[in-house]
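> take this sequence and fold it.
(one chain, ligands or ions: 2)
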Amino acid sequence: MQLRGIDKDIIAKLEEAGYTLESLAISSSEELSDKEDIESEIAKKIIEKAQASLGIQPISAMKFLELESKRGRITTSSNELDSVLGGGIWTQELTEIAGGFGSGKTQLCFQLCINVQLPEDEGGLNGNAFFIDTERTFSPRRIVEMASYRELDVEKILNNIYIGSALNTNHLFSIIEQLDSIIEEKNIRLLVVDSFASHFRSEYIGKKRLVERQQRIMQIAEKLIVLAVKHDIAVAVTNQIIANVDEFLFGSPEEPALGFAWAHRPQQRLFFRKSRGSSRIARLFDSSRMPEREALFYVTERGITDAPLPSDFYE
Ligand code: GTP
Ligand code: MG
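Residues are numbered from 1 along each chain as shown. Ligands and ions are numbered 1, 2, ... in the order given. Next up is the predicted model:
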């Protein structure tokens, strides 16, 4: 790696830490100066040089389409939901799964942790999962149950799901900071944050802390997007819903938590709501790729499915 005007020792240090021109070009100067102990002015210069040396390489819309069609997707195990999403949960972007209590957000995340491990022709990415748990709801028992129904090697499935329990927002931040190397080391292709909102909502209370909260949310969201692009992984984050105080103005009684700043970060947003029995309705919104549409799916003993089996109607 060569960057004109940058000290050779610094470049050697960055190479040793695993940086490439591409990863430097999408790093932030804060990250570089904090993590690698480089003066912030120099870090800025390194990033500018890396960006300049890669040049601006315009690609045609045709090429863009070709690249997009090759991007990995993880099946949700529901054909209908996959179709609404354009083939499943996409790599290189952030997908938000919002919904009320018991709407199936965590269940879908479990299903994705299993499905990412499938071969590509079965809707997986031949990779592993990292699950950031903020509510201590990760359930290996449930993973075993879901994997057994599909006759998968349960032990292998469990061995390939890594869990980080985030106790508060600082802890969440520090787990995300460490993911760069873990993702490569453990062949992670799916990162789940379940739930993104919970600590923010309990730690940053009141209007006075709103600005600080929004900044922190943006900072973490940005990091998640960089991880998704840099490592070609899918990132799924769940979000609770809150009562909308402007209900009478806009006619929508509920909306995903975390407010305006967050709302524009995910490339795909799914909204789950409960329907009869084990059925759920998912609506895709705010997608630049797919139209706003709804899918009906089920949360059963087997996990996420399209049509349930007769034995699923035990409720
Ligand atoms: P919160 O985290 O509370 O916001 O909800 P969530 O959207 O994450 O809900 P979750 O994914 O945990 O879905 C809960 C629903 O999934 C329950 O109401 C059950 O219908 C279903 N569910 C959870 N565990 C099981 C299970 O072991 N077997 C079956 N059949 N269904 C389950
Ligand atoms: Mg949950």
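> residue in the stretch 201-315 of the chain nearest to ligand 2?
The nearest approach of the stretch 201-315 of the chain to ligand 2 comes at Thr238, 6.2 Å away (Cβ to the ion). Every residue, glycine included, has its C-beta placed from N, CA and C.
> what's the offset of the host helix or strand of that residue from the middle of its chain?
Secondary structure assigned from DSSP states H and E places Thr238 in strand 234-239. Offset of strand 234-239 from its chain centre (Cα atoms, centre = their mean, to the nearest Å): 4 Å.
> so what does that strand touch, helix or strand wise?
Judged by 3 or more Cβ pairs under 8 Å, 6 or more residues apart in numbering; DSSP states H and E, the packing partners of strand 234-239 are strand 89-90, strand 93-99, helix 105-115, strand 188-194, helix 210-231.
> and the last one, C-alpha only, in CSV?
What that stands for is helix 210-231. Taking Å, rounded to 0.1, in the frame of the first residue of the first chain, the C-alpha atoms of helix 210-231 are listed here in CSV:
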residue,chain,number,x,y,z
LEU,A,210,-32.5,14.1,22.9
VAL,A,211,-29.7,15.7,20.9
GLU,A,212,-27.0,13.5,22.6
ARG,A,213,-29.2,10.5,22.0
GLN,A,214,-29.7,11.2,18.3
GLN,A,215,-26.0,11.7,17.9
ARG,A,216,-25.2,8.4,19.5
ILE,A,217,-27.8,6.6,17.4
MET,A,218,-26.4,8.1,14.2
GLN,A,219,-22.9,7.2,15.2
ILE,A,220,-23.8,3.5,15.8
ALA,A,221,-26.0,3.4,12.7
GLU,A,222,-23.1,4.7,10.6
LYS,A,223,-20.8,2.1,12.0
LEU,A,224,-23.3,-0.7,11.2
ILE,A,225,-23.6,0.5,7.6
VAL,A,226,-19.9,0.7,7.2
LEU,A,227,-19.6,-2.9,8.5
ALA,A,228,-22.3,-4.0,6.1
VAL,A,229,-20.6,-2.5,3.1
LYS,A,230,-17.0,-3.1,4.0
HIS,A,231,-17.4,-6.8,4.9
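> just checking, what packs against it?
Using 3+ Cβ pairs under 8 Å, 6+ apart: helix 210-231 touches strand 93-99, helix 169-177, helix 179-185, strand 188-194, helix 198-203, strand 234-239, helix 259-263.
> hmm, back to that, quick check: mean pLDDT of the strand holding Thr238?
When pLDDT is averaged over strand 234-239, the result is 96.
> direction included, what does that strand pair up with?
strand 93-99 (parallel), strand 188-194 (parallel) (DSSP bridges).
> measure the residue sitting nearest the centre point of the chain to Ile97 for me?
In the chain, the centroid-proximal residue (Cα atoms, centre = their mean) is Val235; its distance is 1.8 Å. Per Cβ to Cβ, to the nearest Å, Val235 is found 11 Å from Ile97.
> repeat for Ile241
Remark: distance between Ile241 and Ile97 (Cβ to Cβ) = 11 Å.
> more neighbours: which of those two?
Per other Cβ atoms under 10 Å, whichever of Ile241 and Ile97 has more neighbours is Ile97, with 29 against 19.
> show me the contacts for that one.
Ile97 makes contact with 105, 108-109, 236-239, 270, 272 under the criterion Cβ atoms under 8 Å, 6 or more residues apart in numbering.
> just the pLDDT for Leu108.
Note for Leu108: predicted pLDDT of 98.
> quick one: it and Thr305 touch, right?
No. Shown here, Leu108 and Thr305 do not form a contact pair, counting by Cβ atoms under 8 Å, at 11.4 Å.
> can you pull the pLDDT of the nearest residue to Asn128 once chain neighbours are set aside?
Leaving aside its sequence neighbours, Asn128 sits nearest to Asn160 (Cβ to Cβ, 6 or more residues apart in numbering; 4.1 Å). We note a pLDDT of 98 for Asn160 in this prediction.
> tell me how far Asn160 lies from ligand 1.
Going from Asn160 to ligand 1 by Cβ to the nearest ligand atom, to the nearest Å gives 21 Å.
> is that residue in contact with Gln117, as I believe?
Yes. Using Cβ under 8 Å, Asn160 is in contact with Gln117, at 5.5 Å.
> more neighbours: which of the two?
Ranked by neighbour count (other Cβ under 10 Å), Asn160 and Gln117 place Gln117 first, with 26 against 18.
> please read off the pLDDT at the more buried one from the model.
The score at Gln117 is 98. That number is its pLDDT.
> can you start the count at 20 instead of 1 from here on
All set: I'll call the first residue 20, so the last point we hit is now Gln136.
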